[in-house]
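Engineer: okay, predicted coordinates and the sequence, questions at the end:
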Amino acid sequence: GNKIGFGTRTPNICQSPLFPIFPILTTLGSMAGPRERTGTDEFAPPNSKEDALGFDSEHLLRTENIPFDIDNWYPRLAAHTFESVFLPLSRPEARAIVRYNWTVHLHRGVFTAADATVLEALEARLDRAIEGNQAMATGGCFMRLCGRSPKDANPLDRGRIRREYQAALDALGPAEPTSDPQNSAISRSVGTTSTAEADDAEGVAEGASGHSVEDQMLAAAKVGVMKCQTGADVMSLLLSSERVYSDMLDWLWYGEPEQVVLRVWEPDLTLDFEFRLYVHKGKLTAISQYDHYTRYDHLLPLKPMLQRRMIALWETLHPLVGVDSYGMDLVYLQQSDEIRFLELSPFLRCTGAHCFRWGNDVDADVLEGRRPFEFRLVEQTAPHFASMFTTGWDDRWDAAADPAPFWSHYQTPTRRRALGLRRGVAQLSRRVSTRAWAIAATTMAAVALGPAPTPDPSVRAVCLVAAGCAAAVLACSATALGPPTNVGEAPCTHALFVYGTLKRGMQWNSKFLASGARYVGEVRTVDQFPLVVGRCGVPYLLHDMKGDGHRVFGELYMVNDDTLQGLDDYEGVGKCYYKRPLIEVIDAGSGLTTTASVYCMLESPTAFKTMTPLEMYSLSLHLQCYRATEHIQLKQQLYLMGKDQYTRRGVPHPAVSIDIDAGLPRDHESE
């Protein structure tokens with residue numbers, strides 16, 4: 001859910017010194033325990049890629065889900081979802097986040113002053129991103145990584161959560177306790193199934209606040225738990241989330257860089273109006289209420305309208321997705337009376353079935369299209385759910401459990417105040433143009449120091465102070481709001497030729513080349529190579545057919561070790577289907593020749609050799625044809641084939657071949 005953190009009757013790990021690492025240590029065993037390593041071996045993976053795919057590891061789960069990450073589908077579906085801003089993370093930032101967790105939660109002294117500098121720069125970068133988006137600057141944002149959101153994290157201002165919750169309770173009016181908390185406007189069950197359940201329900205009918213459980217649930221639904229308004233709010237979530245820690249480790253161990261995604265906050269988005277659609281082999285098979293614990297009576301009369309409108313939206317979106325089987329989350333916004341798209345997920349047995357059950361043969365037949373379409377709402381609230389919710393909510397937000405703020409582990413209060421003052425001044429400078437501040441500083445200095453008729457000495461002093469203040473604002477603005485500095489990054493020493501989706505303006509340029517890379521210019525290969533475009537719109541340079549095709553146009557970059565390693569992981573070097581040989585490229589203007597690395601297939605499939613070659617993969621072709629979800633899914637299938645699916649031992653991922661991408665891009669087939 002966007003806002004509600006549902007609790008359970010489990011130990012409150014927020015109070016554990018191992019939070020948020022405790023769940024990883026207990027569920028992943030040797031994969032999660034940080035090894036006593038030093039130097040360059042500090043982040044060496046505990047298992048080989050082959051071994052990590054051989055059990056229900058976080059790496060296997062993340063690998064299956066990567067094709068449906070938001071940075072894959074957002075460019076094609078942006079018009080139908082909430083505005084989002086992407087901030088690629090660098091490897092130094094990922095290392096700093098992991099070392100912070102190792103030091104703060106596992107008491108290993110590996111966090112350094114350099115890591116602190118990296119995190120300070122990241123917080124400033126987040127502030128710039130939020131301040132630079134008008135909707136986020138005024139209304140806040142929802143933070144997530146590309147793969148998932150940090151729902152397990154601690155907000156910076158936990159007191160705000162308690163205040164919003166209390167205000168929402170007060171707005172509901174005087175408490176009206178009921179003897180059966182399962183029956184209410186928001187959560188009404190058909191009835192308890194046993195005397196014990198009835199006794200349990202009756203025992204929690206009224207919370208410590210004097211309000212009924214139903215009122216508490218309604219109030220909780222109005223609290224913006226995940227809402228962020230500053231870079232500090234985002235940093236608190238990043239540094240306190242087990243999910244983030246786990247994804248950073250997986251990246252550093254096995255590849256696939258992450259991004260911070262800031263989505264415009266939508267106050268009308270509530271859990272009761274979220275739904276999941278199931279699509280199998282191009283057919284919409286089922287729709288489920290997302291919150292599969294709670295019966296919402298107000299949904300029942302809206303069901304026909306919601307079904308009709310969700311199906312209509314799906315028919316619009318399906319051609320843009322690029323794959324035939326997936327889960328799609330939608331939300332109904334009451335105030336604007338519209339259905340919006342939220343996100344995609346893989347169609348796998350490990351994907352949440354919500355009101356269905358994968359282990360139920362009838363339900364599985366519905367989801368996989370062997371039975372008629374169904375739209376299910378919760379008909380009976382889960383037994384004891386009210387009790388679990390109340391206990392979990394109260395435990396999670398107990399003031400006694402408030403941790404120290406994230407920054408206290410690497411900043412002194414004095415430094416924190418100084419950085420806050422600089423950011424505050426920088427934000428002020430955004431409201432008045434830099435030119436205006438410069439004019440003010442110059443004018444005040446001229447009055448105070450110029451040869452004009454001498455004003456009163458006190459006026460001179462005031463003008464001099466004002467000039468100094470204006471100059472300070474300019475200095476802070478240049479520091480805090482200027483171009484981001486790549487803190488902690490190594491020098492760029494490797495020449496790289498890119499010819500496809502990594503070029504400027506294309507989908508993966510900012511994610512992989514925004515840091516640790518320097519653009520050199522446009523170049524062309526010295527030798528001829530065929531450049532062909534596959535069905536998913538991705539280009540392939542056929543290196544083993546040197547002498548055929550054309551001299552290919554592209555771009556030359558200088559990159560550092562971290563960036564090259566990240567690109568190797570993305571392109572599949574080490575996964576047995578891509579390589580990185582050296583070729584010669586030439587700058588058409590200067591005539592300078594450079595030896596550069598290039599990514600290409602290990603061996604060109606026969607089906608590709610007969611395709612029509614191009615001289616250049618253009619931006620217009622990219623925007624029209626590239627289908628990132630389909631492209632990344634094919635790459636992940638090549639990596640996963642033959643390995644058992646997550647939580648399904650004995651059920652392997654099917655064998656695939658890159659040959660299936662041969663042929664005209666899908667969007668050109670009708671031409």
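Structural biologist: It's in. All of these numbers come straight from a predicted model, not from anything done at the bench.

Engineer: any idea which element residue 351 lies in?
Structural biologist: Using DSSP states H and E, residue 351 maps to neither a helix nor a strand.

Engineer: isn't it right next to residue 329, touching?
Structural biologist: No - judged on CB atoms under 8 Å, residue 351 makes no contact with residue 329 at a distance of 10.9 Å. Any C-beta I mention is one placed from the backbone N, CA and C, and that applies to glycine too.

Engineer: first to last residue in stretch 597-612, what's the distance?
Structural biologist: Chord length of stretch 597-612, first to last residue, is 24 Å (CA to CA, to the nearest Å).

Engineer: ok now it, how far from the chain's centre?
Structural biologist: Relative to its parent chain, stretch 597-612 has a centroid offset of 32 Å by CA atoms, centre = their mean, to the nearest Å.

Engineer: so which bits of it are buried?
Structural biologist: By neighbour count on 16 or more other CB atoms under 10 Å, the buried set for stretch 597-612 is 597-601, 604, 607-608, 611.

Engineer: and the two most separated of the residues you listed?
Structural biologist: Within the buried residues of stretch 597-612, 597 and 607 form the most distant pair, 25.8 Å apart (CB to CB).

Engineer: and residue 225, that's in a helix?
Structural biologist: No - counting by DSSP: H, G, I helix; E, B strand; the rest coil, residue 225 is not found in a helix; it is coil.

Engineer: need the contact list for residue 351.
Structural biologist: 327, 345 (CB atoms under 8 Å, 6 or more residues apart in numbering).

Engineer: sec struct for residue 649, please.
Structural biologist: Applying three-state DSSP: residue 649 is strand.

Engineer: before we move on, what about the one 5 residues further on?
Structural biologist: Under the three-state scheme (three-state DSSP), residue 654 adopts coil.

Engineer: tell me the phi and psi of it?
Structural biologist: Phi and psi for residue 654, reported as degrees, to the nearest 10, are phi -70, psi 160.

Engineer: can you show me the helices along the stretch 401-550 of the chain?
Structural biologist: Applying DSSP state H, counting those that start in this stretch to the stretch 401-550 of the chain gives helices spanning 413-431, 434-449, 457-480, 509-513.

Engineer: how close does residue 217 sit to residue 612?
Structural biologist: From residue 217 across to residue 612, the span is 61 Å (CB to CB, to the nearest Å).

Engineer: next one: residue 402
Structural biologist: 64 Å.

Engineer: just the C-alphas of stretch 364-382, formatted as CSV.
Structural biologist: Only the C-alpha atoms of stretch 364-382 are listed here, as CSV (Å, rounded to 0.1, in the frame of the first residue of the first chain):
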residue,chain,number,x,y,z
ALA,A,364,-4.9,-21.3,-10.4
ASP,A,365,-7.1,-22.3,-13.3
VAL,A,366,-8.8,-18.9,-13.2
LEU,A,367,-5.6,-16.9,-13.1
GLU,A,368,-4.1,-19.0,-15.9
GLY,A,369,-7.1,-18.6,-18.1
ARG,A,370,-8.5,-22.2,-17.9
ARG,A,371,-11.7,-20.9,-16.2
PRO,A,372,-13.8,-17.9,-16.9
PHE,A,373,-12.8,-14.4,-15.8
GLU,A,374,-13.5,-13.4,-12.2
PHE,A,375,-13.4,-10.1,-10.3
ARG,A,376,-13.1,-10.8,-6.5
LEU,A,377,-13.7,-8.5,-3.6
VAL,A,378,-13.1,-9.6,0.0
GLU,A,379,-16.4,-11.0,1.3
GLN,A,380,-15.3,-11.6,4.9
THR,A,381,-12.6,-9.8,6.8
ALA,A,382,-9.8,-12.2,7.9
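
Engineer: what's it in contact with?
Structural biologist: Counting by CB under 8 Å, 6+ apart, 182, 187-191, 278, 280-281, 283-289, 291-296, 299-300, 303, 307, 353-358, 362 sit against stretch 364-382.

Engineer: related to what we said a few turns ago, which of the buried residues of stretch 597-612 lies closest to residue 507?
Structural biologist: Looking across the buried residues of stretch 597-612 and measuring by CB to CB, the closest to residue 507 is residue 599, at 15.3 Å.

Engineer: residues near the spatially closest residue to residue 617 that is not a sequence neighbour, how many?
Structural biologist: Excluding its sequence neighbours, the residue lying closest to residue 617 (CB to CB, 6 or more residues apart in numbering) is residue 539, at 4.2 Å. Residue 539 is flanked by 21 other residues according to other CB atoms under 10 Å.

Engineer: residues contacting residue 539?
Structural biologist: So residue 539 contacts 499-501, 531-533, 614, 617 (CB under 8 Å, 6+ apart).

Engineer: so where's the chain uncertain?
Structural biologist: 1-40, 175-210, 212-214, 426-488, 664-671 (pLDDT under 70).

Engineer: show me the residue at the heart of the chain, geometrically.
Structural biologist: Nearest to the mean C-alpha position of the chain, by CA atoms, centre = their mean, lies residue 145 at 2.0 Å.

Engineer: let me see the ranges of the strands in the stretch 151-300 of the chain.
Structural biologist: 227-228, 259-264, 274-280, 283-289 (DSSP state E, counting those that start in this stretch).

Engineer: which one of these lies closest to residue 576?
Structural biologist: strand 259-264 (26.5 Å).

Engineer: what bridges to the residue nearest to residue 617?
Structural biologist: Beta-bridge partners of residue 539, counted by DSSP bridges, are residue 533.

Engineer: before we move on, what about residue 375?
Structural biologist: Bridge pairing for residue 375 - DSSP bridges - gives residue 287.

Engineer: measure it to residue 278 for me?
Structural biologist: From residue 375 to residue 278 the distance is 11 Å (CB to CB).

Engineer: mind checking which of the two has more residues around it?
Structural biologist: Counted by other CB under 10 Å, residue 375 and residue 278 do not tie: residue 278 has more neighbours, with 26 against 17.

Engineer: pretty sure that one sits against residue 287.
Structural biologist: Yes - the criterion here is CB under 8 Å, and residue 278 meets it with residue 287 at 7.4 Å.

Engineer: spit out the residues that contact residue 375 and residue 278 alike.
Structural biologist: 286-288.

Engineer: just the CA coordinates of stretch 308-317, formatted as PDB?
Structural biologist: Below are the C-alpha coordinates for stretch 308-317, written out as PDB (Å, rounded to 0.1, in the frame of the first residue of the first chain):
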ATOM      1  CA  ARG A 308     -15.900  -1.900 -16.700                       C
ATOM      2  CA  ARG A 309     -13.400   1.000 -16.400                       C
ATOM      3  CA  MET A 310     -10.500  -1.100 -15.300                       C
ATOM      4  CA  ILE A 311     -10.900  -3.400 -18.300                       C
ATOM      5  CA  ALA A 312     -11.200  -0.400 -20.600                       C
ATOM      6  CA  LEU A 313      -7.900   1.100 -19.200                       C
ATOM      7  CA  TRP A 314      -6.200  -2.300 -19.500                       C
ATOM      8  CA  GLU A 315      -7.200  -2.500 -23.200                       C
ATOM      9  CA  THR A 316      -5.400   0.800 -23.700                       C
ATOM     10  CA  LEU A 317      -2.300  -0.100 -21.700                       C
END
